[in-house]
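[1] build me a structure from this.
(chains A, B, C and D)
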Protein chains: 2
Amino acid sequence: MREAILAAAERVFAKEGEIGLSIRRLAEEIDYSPSAIYKYFGSKEELLDELKESFFERLLSQVDGVGAKNPDFHARARACVTTYVATAIARPHHYAAAFSSIPTPEQIAVRRNLDWEDFIATRKGQAFKVLVDLVLEGQALGVFDRSLDPLNGAKSIWASSHGLALLMIHMPLLPEMQPCTAQPGGDFVAAHADIVIRGLAAPAEPPQENGKRS
Amino acid sequence: MREAILAAAERVFAKEGEIGLSIRRLAEEIDYSPSAIYKYFGSKEELLDELKESFFERLLSQVDGVGAKNPDFHARARACVTTYVATAIARPHHYAAAFSSIPTPEQIAVRRNLDWEDFIATRKGQAFKVLVDLVLEGQALGVFDRSLDPLNGAKSIWASSHGLALLMIHMPLLPEMQPCTAQPGGDFVAAHADIVIRGLAAPAEPPQENGKRS
DNA sequence: TAATCGGGTGAACGCTGTTCACTTTTCGAA
DNA sequence: TTCGAAAAGTGAACAGCGTTCACCCGATTA
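    Now for the predicted structure:
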């Protein structure tokens, strides 16, 4: 039943966005009365939170899944970013909604004394850990700058991917408009990924073997 | 009068966010009836659009303003990113709201045949142009990769800055949590800026003068 | 003086999330 | 099989929302 409600919510969400998703609209979709929904969810916000969490789960599994398929580190790193962006823009309203809440100062104060263990247990934490591990691996391989804080590196990757996804969602005119290169969409995402990866690269190795290719 | 309404909106907005800003709440704030507001704004959306536009104006002027103060290119590029992020997170709700609307497919179709001139006339377009010019200058100086499409480079910079700002707004736990480096906030933003800048750098110059420093 | 018109109001409409008293269904125990 | 409790579902209602519309009032203008 909860599943049916969530599925209906997902459907309406994808079609009409967060604005079009109302309890009454949802109730109509599943042929129940609006009050019935409150037997399964305490509030609309609780329902939305569940939706967001499930989207984070999808995001995590998608990005985590690319690891196995790409033995080459550079390709894998690039695939992390591109799959992240692709998964995000495949469901624009979901992705935007998943990041839509702004915590109040009190909420920030509460969360501040969460430690690393607690954070890693959350979906966001797991997703973040994937990136941290990626950075660590890059550093171990000597491809990424070893002086970099892995957490900061992971944040930079996330920020860059997140920003590109949202820019493509909220201002689609920008990525489309490419009078110079004339290749819309996918290629630019890969190029962006490469820029981020190069930004993390180890600086000016002593000339022994020029291993990393552009 | 319009100004008074917008000022009140800005006030409520900053304090209670987009959720707390209602027409009735606004009317109460300026001691008028709700219907009075409709003599000056056609709809709430129109009012919000004006607010967003004004925020873009602030963003543009701030970022554009750093150009004069920093003669060194690298410092200027870094300042572009850091001021952008600082301006964004100084008014979290404004910044998030400025990017909150997701255009429908029809709207995208309409905007698709805007050309470069029309786009540059908008605030977003001007802000984007600042970044494009920055990339062009970097390429002219030989600091940035000349094979890069300047528009794509500008998009990468924007995406990275945008993503970092939003990550700090929506998930403040992340940038705060730095058990390794222990420097919260500002330093990480600068580090992120440097990563983006390095990502755009010209690849492996023939060893003549090692001009760019980390 | 009379008419027009911009600025302001209160009541109302249809929508929203949410609650609550109520009925119906289900299901295990006596 | 019957009974009673718990679960499932309902409809009406409340407060608040964006928005509209008929109305009013004071100033400007003919």
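[2] output the longest helix belonging to chain A.
    Counting by DSSP state H, the longest helix found in chain A is helix A:44-69.
[3] report the buried residues of that helix.
    Going by neighbour count (16 or more other CB atoms under 10 Å in any protein chain shown), the buried part of helix A:44-69 is A:47-48, A:51-52, A:55-56, A:58-60, A:62-64, A:66. (C-beta placed from N, C-alpha, C; glycine too.)
[4] swap in stretch A:144-157?
    A:144-145, A:148-157.
[5] likewise for stretch A:78-88?
    A:78-88.
[6] ok, now stretch A:90-105?
    Residues A:91-99, A:101-103 are the ones in stretch A:90-105 that count as buried (16+ other CB under 10 Å).
[7] cool, stretch A:21-40 as well?
    For stretch A:21-40, a neighbour-count test (16+ other CB under 10 Å) marks A:21, A:23, A:26-27, A:29, A:32, A:37 as buried.
[8] so how far is it off the chain centroid?
    29 Å (CA atoms, centre = their mean, to the nearest Å).
[9] report whether it contacts DNA strand C.
    Yes - residues of stretch A:21-40 contacting DNA strand C under CB under 7 Å from any atom of the strand: A:21-25, A:34-35, A:38.
[10] quick check: closest non-adjacent residue to residue A:95.
    residue A:88 (4.2 Å; CB to CB, 6 or more residues apart in numbering or on different chains).
[11] now name the helix or strand holding the one you found.
    Element membership of residue A:88, judged by DSSP states H and E, is helix A:73-90.
[12] between helix A:44-69 and that helix, find me the angle.
    Relative orientation of helix A:73-90 versus helix A:44-69 (axes from the mean of the first three to the mean of the last three CA atoms, to 10 degrees): 150 degrees.
[13] and residue A:30, what is it in contact with?
    Neighbour list for residue A:30: A:4-5, A:8 [criterion: CB atoms under 8 Å, 6 or more residues apart in numbering or on different chains].
[14] want to throw these into TSV with pLDDT?
    TSV is the format used below for those (pLDDT from 0 to 100):
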residue	pLDDT
A:4	94
A:5	96
A:8	95
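[15] which of those residues count as buried?
    Buried members of the contacts of residue A:30, counted by 16+ other CB under 10 Å: A:5, A:8.
[16] quick revisit: any idea which of the residues of stretch A:21-40 next to DNA strand C is closest to residue A:165?
    Lowest distance from residue A:165 to the residues of stretch A:21-40 next to DNA strand C (CB to CB) belongs to residue A:21, with 20.9 Å.
[17] how far away is the closest one from residue A:8?
    To residue A:8, residue A:21 is 10 Å away according to CB to CB, to the nearest Å.
[18] can you check residue A:40 too?
    Taking CB to CB, one finds residue A:40 at 12 Å from residue A:8.
[19] and the helices in chain A, which stretches?
    For chain A, applying DSSP H gives helices covering A:2-20, A:23-29, A:34-37, A:44-69, A:73-90, A:92-98, A:105-112, A:116-121, A:123-140, A:150-170, A:173-176, A:186-199.
[20] find the nearest non-adjacent residue to residue A:23, please.
    If the residues on either side of it in the chain are set aside, residue A:23 comes closest to residue A:34, at 5.0 Å by CB to CB, 6+ apart.
[21] residues in contact with that neighbour?
    If you count contacts by CB under 8 Å, 6+ apart, residue A:34 has them with A:23-24, A:26-27.
[22] got these as CSV, with pLDDT columns?
    Putting those into CSV (pLDDT from 0 to 100) gives the following:
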residue, pLDDT
A:23, 97
A:24, 97
A:26, 96
A:27, 95
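[23] which pair of these spans the longest distance?
    Taking CB to CB as the measure, the contacts of residue A:34 span a maximum distance of 7.1 Å, between A:24 and A:26.
[24] any idea how many residues pack against residue A:109?
    Residue A:109 has 10 neighbouring residues, counting by other CB atoms under 10 Å in any protein chain shown.
[25] now it: how far from DNA strand C?
    Taking CB to the nearest atom of the strand, to the nearest Å as the measure, residue A:109 falls 24 Å from DNA strand C.
[26] try residue A:98
    18 Å.
[27] confidence score at that residue?
    Here the pLDDT value assigned to residue A:98 is 95.
[28] hmm, it is touching residue A:52, no?
    Yes - with contact defined as CB atoms under 8 Å, residue A:98 reaches residue A:52; the gap is 4.4 Å.
[29] got phi/psi on the nearest residue to residue A:108 once chain neighbours are set aside?
    Leaving aside its chain neighbours, residue A:108 sits nearest to residue B:172 (5.3 Å; criterion: CB to CB, 6+ apart). With angles defined as degrees, to the nearest 10, residue B:172 sits at phi -60, psi -20.
[30] residue B:172 against residue A:103, yeah?
    Yes - assessed by CB under 8 Å, residue B:172 is found in contact with residue A:103 at 6.5 Å.
[31] and the gap between the residue in chain A that chain B sits nearest to and residue B:104?
    Closest to chain B within chain A is residue A:163: 2.3 Å, counting by CB to the nearest CB. According to CB to CB, residue A:163 and residue B:104 sit 22 Å apart.
[32] that's all I had, so thanks and see you.
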